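Enquirer: quick one: sequence and predicted model below, then my questions.
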Amino acid sequence: MNERTTRRAFLRRVVSTGAVLAAPAVFPGGFLGAASPNERVRTGHIGLGGMGTGHLNFFREMAGGLCDVDEGHLQRAARIIGRYVPLHKDFRALLDQKDLDGVVIATPDHWHGVMAVLACEAGKDVYVQKPASLTVEEGRKMVEAAERSGRVVQVGSQGRSTRDAYKSCAYIRNGRIGRVEEVHCWHYENPVGGFRPDSDPPADLDWDLWLGPARYVPYNPDRVHFNFRWMLDFGGGQIRDRGAHVMSVAMWIMNSDHTGPASVEATGTPPPKGLWDCPPQMEIRYEFKDPDWVMYWRQPGERHSDKGFGAIYYGTEGNLVVGGGDGGTFAERRAMEYEVPAGGYEPYRSPGHEPDWVDCMRARRKPIMHIEAGHRVATLCILGNISYRLGRKLRWDPVAEQCIGDDEANRMLARPNRAPWRI
């Protein structure tokens, strides 16, 4: 198991920090098939930065293993748990734990594909943070791995699990604003930065393992942890951060979880010189067919509520604003007060994003943001960045998942991984 901390050493360290120790929880062994609704689920957690530790608020009693390449993050999470669990630096050791039913992956984007596929192959269900993948190729491999292994995979676009998104979906799908023709998403600009020099990594960070499948680059404090978000090689900017939230809600409302656009055209302003190479300002136009509608991503765009990001849906008989798109999603009052009539469309109602995943693990069914839906949303983000980088419109085949007549763009749908991280 390559356990990095003995029980005695862990308890000694926790006591020295003044943390309160909870009684050890008793869990059954991991299940590989259907589980009884009364069985306790035990989870492992990979990536324990801000979002990773945030998940522990829900999973604290279920957590049976922790993993992070940053020793500081790992020890902070251990204090949150407050009882002995195995601690790992290498996620493969956590996947070797036979007593874990599922894993929560909250690493930088460039790790999602490899970790999710290997977790499925290890017989673990998966909750992976959005966006699902860094490339279209690895996203499709994640879908295939889930289907091949029968794993339950939830992508962490939690907006779909909010009551406001559920109400907005019911309102629009039942024709309250007519046929939707356009969806306009707005967000504030990408930050600029990455001006500090390269340096040696801190002693408590395994930089080579942080990079993992990504190409090797020197350590820089402006690259690591949340700063990965602002580099196209690792994150991809606001379009892949909050965009994955806003467009997740939009694709659900528009009943487009198993398809994609016919064309993508992006423009953006180049950033000043530095490590962060995402365009501060950006506009993307996505054209969908059968049914025909258009979605725009604008940063900055015209705000239609007091929220810094969200979307407005324009229909043939009116419009509706859905502010936010992540855990803080907000619907207009008329949508919140709407009740589905007899015989009307009733959307699936999630009990909460993490609870939905756990319920689906027990029932062996697809969660509200299943991996196919997450892959399709990530593809929107990826294509937008490719169109920006190439400076031209892309024609997209959502069935073949290829750019039509554009070999250069197609080469950007995948990328080689550093050894040994092959999937």
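Expert: The structure has been received and is ready for your questions. If you're wondering where the values come from, they're calculated on a predicted model, not measured in any experiment.

Enquirer: what count of nearby residues applies to the spatially closest residue to residue 327 that is not a sequence neighbour?
Expert: Take residue 327 and drop its neighbours on the chain: the residue closest to it by CB to CB, 6 or more residues apart in numbering is residue 158, 4.8 Å away. Yep, even glycine has a C-beta here, placed from its N, CA and C like the rest. Residues lying near residue 158 (other CB atoms under 10 Å) number 25.

Enquirer: do the same with residue 283
Expert: By the criterion of other CB under 10 Å, residue 283 has 18 neighbours.

Enquirer: what of residue 108?
Expert: Neighbour count for residue 108, taken as other CB under 10 Å: 24.

Enquirer: do you know how far the spatially most central residue of the chain is from residue 162?
Expert: Nearest to the mean C-alpha position of the chain, by CA atoms, centre = their mean, lies residue 130 at 0.8 Å. Counting by CB to CB, to the nearest Å, the separation of residue 130 from residue 162 is 14 Å.

Enquirer: likewise residue 357?
Expert: 15 Å.

Enquirer: what does residue 88 give?
Expert: 33 Å.

Enquirer: of those two, which one has the most company?
Expert: Legend: neighbour count by other CB under 10 Å for residue 88 and residue 162, higher for residue 88 (26 against 23).

Enquirer: using CSV, list the CA coordinates for stretch 45-62.
Expert: The C-alpha trace of stretch 45-62 is given here as CSV (Å, rounded to 0.1, in the frame of the first residue of the first chain):
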residue,chain,number,x,y,z
HIS,A,45,-9.3,11.9,-2.0
ILE,A,46,-6.6,12.9,-4.6
GLY,A,47,-5.7,16.6,-4.7
LEU,A,48,-6.3,18.5,-1.4
GLY,A,49,-6.0,22.1,-2.3
GLY,A,50,-8.9,24.5,-2.0
MET,A,51,-11.6,22.4,-3.7
GLY,A,52,-10.2,19.1,-2.5
THR,A,53,-10.4,20.1,1.1
GLY,A,54,-13.8,21.7,0.5
HIS,A,55,-15.1,18.3,-0.5
LEU,A,56,-14.1,16.9,2.9
ASN,A,57,-16.9,18.9,4.5
PHE,A,58,-19.3,16.3,3.0
PHE,A,59,-17.0,13.3,2.9
ARG,A,60,-15.3,13.6,6.3
GLU,A,61,-16.8,10.5,7.8
MET,A,62,-16.5,8.5,4.5
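
Enquirer: quick check: buried residues in it?
Expert: Under the neighbour-count criterion of 16 or more other CB atoms under 10 Å, stretch 45-62 has 45, 46, 47, 48, 49, 52, 53, 55, 56, 58, 59, 62 buried.

Enquirer: so the second one bridges to which residues?
Expert: I take that to be residue 46. Bridge pairing for residue 46 (DSSP bridges) gives the partners residue 67, residue 105.

Enquirer: what about residue 294, neighbour count?
Expert: Other residues near residue 294 come to 16 when the count uses other CB under 10 Å.

Enquirer: and what of residue 344?
Expert: Other residues near residue 344 come to 12 when the count uses other CB under 10 Å.

Enquirer: does it touch residue 172 like I think?
Expert: No: Residue 344 lies out of contact with residue 172 (CB atoms under 8 Å); the separation is 11.9 Å.

Enquirer: average pLDDT for stretch 291-311?
Expert: Mean pLDDT, computed over stretch 291-311, is 95.

Enquirer: shaky segments in the stretch 1-150 of the chain?
Expert: Residues of the stretch 1-150 of the chain meeting the criterion pLDDT under 70: 1-38.

Enquirer: could you show me where the helices are in it, in order?
Expert: With helices called from DSSP state H, counting those that start in this stretch, the stretch 1-150 of the chain shows them at 7-17, 50-59, 71-81, 91-95, 112-121, 136-149.

Enquirer: name the helices or strands packed onto the longest one?
Expert: Meaning helix 136-149. Under the contact definition 3 or more CB pairs under 8 Å, 6 or more residues apart in numbering; DSSP states H and E, helix 136-149 sits against helix 112-121, helix 371-390.

Enquirer: out of those helices, which gets nearest to residue 287?
Expert: With CB to CB as the measure, helix 371-390 is the member of the helices and strands packed on helix 136-149 nearest residue 287 (11.6 Å).

Enquirer: rewinding a little: pretty sure the residue nearest to residue 327 sits against residue 326.
Expert: Yes: if you go by CB under 8 Å, residue 158 and residue 326 touch, sitting 6.1 Å apart.

Enquirer: quick check: neighbours shared by those two?
Expert: Common contacts of residue 158 and residue 326 (CB atoms under 8 Å, 6 or more residues apart in numbering): residue 245.

Enquirer: circling back to that earlier point, deepest-packed of the helices of the stretch 1-150 of the chain, please.
Expert: Comparing the helices of the stretch 1-150 of the chain by mean neighbour count (mean count of other CB atoms under 10 Å), helix 112-121 ranks first with a mean of 25.

Enquirer: touching that one from outside, list them.
Expert: Applying CB under 8 Å, 6+ apart, the external contacts of helix 112-121 come out as 46, 91-92, 95, 103, 105, 107, 126, 128-129, 131-135, 138-139, 141-142, 145-146, 148-149, 151, 153, 212-213, 371, 417, 421, 423.

Enquirer: let's go with 6 Å and repeat that
Expert: Contacting residues not belonging to helix 112-121 are listed as 91, 95, 103, 105, 126, 128, 133, 138, 141-142, 145-146, 149, 151, 213, 421, 423 [CB atoms under 6 Å, 6 or more residues apart in numbering].

Enquirer: same check, this time on stretch 212-228
Expert: For stretch 212-228, the external contacting residues (CB under 6 Å, 6+ apart) are 49, 108, 110-111, 114, 194, 196, 198, 201, 207, 234-235, 275, 417-418, 421.
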